[in-house]
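1. A predicted structure for the sequence below; I have some questions about it.
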Amino acid sequence: MERKVVKIYSAESSIQAEMILDTLGGNQIPAYKKDVGSSGIMNVYGTNSLGGEEIYVAEEDAEQALEVLGGMGL
């Protein structure tokens, strides 16, 4: 059975997205990021994404993940 995933945050940069993923992982919340639009090509060339990156978690982890983000000041 597939788990439904939900977007919990739109990060401004790949660095911010990685910090969020690391923090969520440290709280045992699996998460992944997805480049917005064509910004992924910028990451290939080692620059920051222009369109940002979306952070996704399993629907059942969303509430706890949002609390963690709140603790990060996001």
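-> All right, it came through fine.
2. Please save the CA atoms from stretch 4-12 in CSV.
-> Output in CSV follows, covering the C-alpha atoms of stretch 4-12 (Å, rounded to 0.1, in the frame of the first residue of the first chain):
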residue,chain,number,x,y,z
LYS,A,4,0.1,9.4,0.6
VAL,A,5,2.6,12.3,0.7
VAL,A,6,1.9,16.0,1.3
LYS,A,7,3.9,19.1,0.8
ILE,A,8,4.7,20.8,4.1
TYR,A,9,7.1,23.6,3.0
SER,A,10,8.5,25.5,0.1
ALA,A,11,12.2,26.1,0.7
GLU,A,12,13.8,29.2,-0.8
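3. Now do it: everything it contacts.
-> Outside stretch 4-12, the residues that touch it by Cβ atoms under 8 Å, 6 or more residues apart in numbering are 17, 20, 31, 33, 36, 52-59, 62, 65-66, 69, 74. Placement of C-beta: from N, CA and C, glycine included.
4. which residue ranges form the helices in the protein?
-> Counting by DSSP state H, the chain has helices at residues 14-26, 40-44, 62-71.
5. one step back: buried ones among the contacts of stretch 4-12?
-> Buried by 16 or more other Cβ atoms under 10 Å: 17, 20, 31, 33, 52-57, 62, 65, 69, out of the contacts of stretch 4-12.
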